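A.B. asks: Below is the sequence, then the predicted model.
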Amino acid sequence: MVFLRDRAVGTLLAVLRALEQGWQGLNNATRRDVAVLIRRHGPDIAVTPATTRDEIRALLNLLEALWPLAAQLPSPAVKAMESGQGGSEGFGTLRLDPVDREALLAALVRLTDFRSFRDPTSLAEGVSSLISAHQDRLSAPDRAAWFTLDRMYRQGGPPEQYLRGVDQLLGQRVESLHYVLEAEKLWQPELVLRDGPRAGANDFLRRYPSGQHLEQPDGVGVIQRHANVHFPNRVLITQRLIPLVVHISCAPDGASAAPTGASGVNLSAGEVIVLVSAAGFTVERAVGGHPVNGTATARAVEVGCDCDCEPIVFLLTPQTEGRHRMRVDLYQFKRNLLSLAFDVDVTADPLHLAGLGTAVSDSLPVPSAARGTDATPPDLELRVMLAADGRTLSYMLHSPKQSDYHFKPMGEVVLLSDPLSVLRPIYERLSSMARASVTAHTAEETAQIAQELSDIGTNLYHLLFPASLRAEYQRLRSTYRGKTLMLTSDEPWIPWEIVKPFESDERGKILYDDPPLCEMFHMSRWLAGRGAPDLLTLRQGAWVAPADNLKAAEDESAYFQDFHRQQWQVTMTGPLSKLVEVERCFAAGRTELFHFACHGNFNAEDPDESKLKLSGGFLRPSQLTGARLAGLLRARPLMFLNTCHSGRAGTGLTRIGGWAQRFVEAGASAFIGSLWEIDDRLAARFAKEFYDRLFGLHGQAAMPLARAFHEARMVVKEAGPGNPTWLAYVLYGDPCAEMVLGEELPRLGLP
């Protein structure tokens with residue numbers, strides 16, 4: 001049986017009248033259950049929605065929710081529900097008459113007042129002063145009860161809770177107080193108290209009001225701010241319009257989702273865009289700041305030199321149960337400066353809300369933008385987000401320089417197996433191909449290797465790219481070919497560089513057959529968290545080459561010795577060969593370039609124990625701690641590990657591990673490594689070609705990071721056409737970042 005649409009108003013009014021009359025006869029458990037249902041469904045009846053919405057459905061939902069309690073409800077209420085049922089819902093009106101709405105709301109409120117207050121902080125202060133001035137008019141019991149409420153409020157209790165306590169204690173007996181409280185009650189859904197916990201947006205705005213000033217030295221172009229984010233770590237599936245508060249402020253907030261050490265970001269005066277990606281939730285709308293291209297998931301605020309930004313509140317509604325990963329990204333001057341990620345559990349059981357707290361982000365802080373408006377953003381950004389399940393990848397396209405894409409969602413894929421188990425045999429095959437001599441292949445063998453590489457890349461393309469992204473690629477491929485592509489991802493283990501776009505229609509007609517992404521674009525990648533720096537500096541560098549090293553590494557040592565002699569403004573130290581020398585150099589915090597030319601091995605069981613072979617021991621990612629980590633954070637070096645497997649990562653004990661992840665987290669401005677074994681001679685050639693272009697040596701103009709990397713890759717491809725070494729290299733960094741050598745630093749005003 002279902003409730004009839006054309007009788008919904010009369011049925012619900014009759015049920016509410018019967019409940020009101022028999023309320024005192026109900027046991028406490030039943031009264032609590034009914035109150036919970038009213039708080040859950042009442043706001044949907046209270047709010048005047050868009051004309052396209054089915055308003056009667058809100059009434060039917062409440063009736064359907066009350067029906068399982070029929071055995072505990074008064075007999076008149078049960079009879080009213082039975083008379084409103086029929087064989088089918090019917091095709092009645094979608095709209096609720098305003099007069100009927102008022103009658104229903106009045107009946108609901110008499111049972112459970114689910115409204116909230118316009119400004120509880122200010123109202124609580126006024127109510128406290130009003131009662132304090134006239135407390136002599138209260139009876140002794142009322143005065144004692146009010147003293148208890150007021151003392152709890154003065155000791156930091158929530159103002160909303162205080163107002164509700166006062167309303168229940170005195171609202172019906174003190175006429176003037178009743179008038180004040182009723183006048184301030186609102187029906188807005190984001191202010192309605194539901195059966196789940198409130199996210200504390202009003203409390204947050206009270207602690208950090210917009211316009212809080214902080215002294216700042218004159219003439220400072222970089223403004224240190226903190227991105228404070230507030231959202232509960234667990235919510236109910238029945239909740240609606242839960243506030244997610246983002247506040248860019250002068251000071252960190254200990255209750256923020258981002259720990260004090262993880263929220264810091266360097267900004268400049270001007271507009272900052274705040275973007276929310278909420279898997280498992282719908283972003284209904286947002287308030288604060290101003291809209292960005294009409295999307296509810298992004299708002300813009302102004303950063304000033306001496307005050308907090310206006311807080312932004314995104315109103316989210318959960319759609320599915322389970323654990324979901326949420327992200328807050330900050331963009332300024334069209335570049336991503338910070339990405340904060342945190343997990344939220346959505347549950348249907350209120351008992352699971354025990355121990356409710358604030359979601360915790362796992363980001364790390366490192367200063368990012370240096371050039372401000374002079375920084376060049378990438379032409380295209382592909383954002384790859386990994387869900388809390390570790391298997392679902394969702395995609396977003398953004399074109400900072402053009403209006404083609406503005407944080408446009410591009411679908412998702414679910415990986416059916418552990419990604420590392422799929423990738424391991426691919427890496428092993430590519431390593432075996434790289435071990436072969438550059439000159440050992442016939443033309444036929446070279447063609448076979450090229451075909452095998454093509455097959456690997458095409459299979460990865462269809463495995464990793466959802467249909468919507470593949471369709472969009474067909475439209476963007478000609479516009480963005482040869483331009484910068486920055487792939488910002490939550491994971492470091494997918495070989496995006498070798499992904500080869502290929503698509504045909506249902507009749508077998510080839511729609512496109514492009515080179516791998518690393519050849520198609522000037523490509524770099526970055527791990528979501530703090531933004532990639534837009535400026536690389538070099539006043540002091542070091543190269544590492546153990547005495548018993550590869551013969552080809554001698555060429556790299558000779559290169560840096562020559563560079564040291566020619567570039568007097570740059571000091572190059574090396575070759576370092578001992579583990580203790582390298583560790584000491586890390587800890588000193590002054591070296592802005594480390595180049596490693598040595599043997600390396602990837603540990604698939606524990607990537608943080610992957611080894612670089614040095615004299616006197618092995619260097620492992622797990623050793624980047626303590627003073628060594630602090631020194632790297634100060635220096636923010638470019639790290640180039642010209643070794644086998646240095647760019648690979650795998651699942652560590654608690655996180656993704658490996659050199660790339662560890663060095664980026666340790667503050668590296670850029671990281672270069674290889675995903676599989678590489679040919680020694682081609683590796684040395686790649687390094688020299690890359691540095692020549694990055695530094696602007698031997699008659700060449702200095703190039704941005706990704707262009708220098710791309711051209712070096714193409715040189716190595718031509719030098720070894722039957723060897724996959726050219727595909728092995730990965731670049732983590734801002735593709736448009738530029739290198740500034742030591743003598744130019746005073747001109748830029750840098751420290």
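C.D. replies: It's in.
A.B. asks: C-alpha from now on. contacts and neighbour counts both.
C.D. replies: Will do.
A.B. asks: Pull the contacting residues for the residue nearest the centre of the chain.
C.D. replies: Nearest to the mean C-alpha position of the chain, counting by Cα atoms, centre = their mean, stands Arg327 at 2.4 Å. With contacts defined as Cα atoms under 8 Å, 6 or more residues apart in numbering, Arg327 is in contact with 276-278, 339-342.
A.B. asks: could you dump those to a markdown table with distance to Val229 and secondary structure?
C.D. replies: Below are those laid out as a markdown table (distance: Cα to Cα, whole Å; DSSP: H, G, I helix; E, B strand; the rest coil):
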| residue | distance to Val229 | secondary structure |
| --- | --- | --- |
| Val276 | 11 | strand |
| Ser277 | 13 | strand |
| Ala278 | 13 | strand |
| Ser339 | 11 | strand |
| Leu340 | 9 | strand |
| Ala341 | 10 | strand |
| Phe342 | 10 | strand |
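A.B. asks: Greatest separation within these: which pair is it?
C.D. replies: Ala278 and Ser339 (12.9 Å; Cα to Cα).
A.B. asks: can I assume Pro76 sits in a helix?
C.D. replies: Yes: using DSSP: H, G, I helix; E, B strand; the rest coil, the secondary structure at Pro76 is a helix.
A.B. asks: Mind pulling the model confidence for the spatially closest residue to Pro318 that is not a sequence neighbour?
C.D. replies: Among residues not flanking Pro318 along the chain, Phe281 sits closest, at 4.3 Å (Cα to Cα, 6 or more residues apart in numbering). On pLDDT, Phe281 comes in at 93.
A.B. asks: Give me the distance between Phe281 and Ala58.
C.D. replies: Separation of Phe281 from Ala58 (Cα to Cα, to the nearest Å): 20 Å.
A.B. asks: just Ala375 next, same as before
C.D. replies: Distance from Ala375 to Ala58, by Cα to Cα: 51 Å.
A.B. asks: cool, Cys250 as well?
C.D. replies: 43 Å.
A.B. asks: neighbour count winner among those two?
C.D. replies: Comparing Cys250 with Ala58 by neighbour count (other Cα atoms under 10 Å), the higher total belongs to Cys250, at 24 against 18.
A.B. asks: Would you mind confirming that the more buried one is in contact with Glu310?
C.D. replies: No: at 11.7 Å, Cys250 and Glu310 do not qualify as touching, with contact defined as Cα atoms under 8 Å.
A.B. asks: Stretch 64-79: how far from the chain's middle?
C.D. replies: Distance of stretch 64-79 from its chain centroid, counting by Cα atoms, centre = their mean, to the nearest Å, is 45 Å.
A.B. asks: List the buried residues in it.
C.D. replies: Judged by neighbour count (16 or more other Cα atoms under 10 Å), stretch 64-79 contains these buried residues: 66, 73-74, 76-78.
A.B. asks: what do you get for stretch 729-744?
C.D. replies: Residues of stretch 729-744 classed as buried: 729-742 (neighbour count, 16+ other Cα under 10 Å).
A.B. asks: Would you mind extracting the C-alpha trace of stretch 479-496 into CSV?
C.D. replies: Extracted as CSV, the C-alpha positions of stretch 479-496 are listed here (Å, rounded to 0.1, in the frame of the first residue of the first chain):
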residue,chain,number,x,y,z
THR,A,479,44.3,22.5,-29.7
TYR,A,480,46.8,21.4,-27.0
ARG,A,481,49.3,19.3,-28.9
GLY,A,482,52.8,20.5,-28.1
LYS,A,483,51.6,22.6,-25.2
THR,A,484,52.1,22.1,-21.5
LEU,A,485,50.1,19.4,-19.7
MET,A,486,50.3,19.1,-15.9
LEU,A,487,48.9,15.9,-14.5
THR,A,488,48.1,16.4,-10.8
SER,A,489,47.3,13.1,-9.1
ASP,A,490,46.8,11.5,-5.7
GLU,A,491,48.9,8.5,-6.7
PRO,A,492,52.5,8.2,-8.0
TRP,A,493,52.5,4.7,-9.4
ILE,A,494,50.7,4.9,-12.7
PRO,A,495,53.0,5.4,-15.7
TRP,A,496,51.0,8.2,-17.3
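A.B. asks: what mean pLDDT does that stretch have?
C.D. replies: Rounded mean pLDDT across stretch 479-496 is 89.
A.B. asks: Likewise for stretch 245-263?
C.D. replies: Stretch 245-263 shows a mean pLDDT of 65.
A.B. asks: lowest-pLDDT helix or strand in the protein?
C.D. replies: When each helix and strand of the chain is scored by mean pLDDT, DSSP states H and E, helix 201-207 comes last, with a mean of 33.
A.B. asks: how about the strands in the stretch 401-550 of the chain?
C.D. replies: Using DSSP state E, counting those that start in this stretch, the strands of the stretch 401-550 of the chain run over residues 408-414, 484-489, 502-504, 510-513, 522-527, 535-538, 540-544.
A.B. asks: tell me what the last one is packed against?
C.D. replies: Put plainly, it is strand 540-544. strand 571-576, strand 593-596 (3 or more Cα pairs under 8 Å, 6 or more residues apart in numbering; DSSP states H and E).
A.B. asks: Remind me what the helix or strand that that strand is followed by packs against, helices and strands.
C.D. replies: Under the assignment DSSP states H and E, the closest C-terminal helix or strand after strand 540-544 is helix 553-566. If you count contacts as 3+ Cα pairs under 8 Å, 6+ apart, helix 553-566 packs onto strand 571-576, helix 680-695.
A.B. asks: Using TSV, lay out those together with mean neighbour count and distance to Thr238.
C.D. replies: TSV is the format used below for the helices and strands packed on helix 553-566 (neighbours: other Cα atoms under 10 Å; distance: least, Cα to Cα, whole Å):
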stretch	mean neighbour count	distance to Thr238
strand 571-576	19	61
helix 680-695	21	55
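A.B. asks: Out of these, which gets nearest to Glu20?
C.D. replies: Among those, helix 680-695 comes nearest to Glu20, with 78.0 Å by Cα to Cα.
A.B. asks: Next, the angle from the helix or strand following that closest one to strand 484-489.
C.D. replies: Using DSSP H and E, the next helix or strand after helix 680-695 towards the C-terminus is helix 705-719. With axes from the mean of the first three to the mean of the last three Cα atoms, to 10 degrees applied, the angle from helix 705-719 to strand 484-489 works out at 100 degrees.
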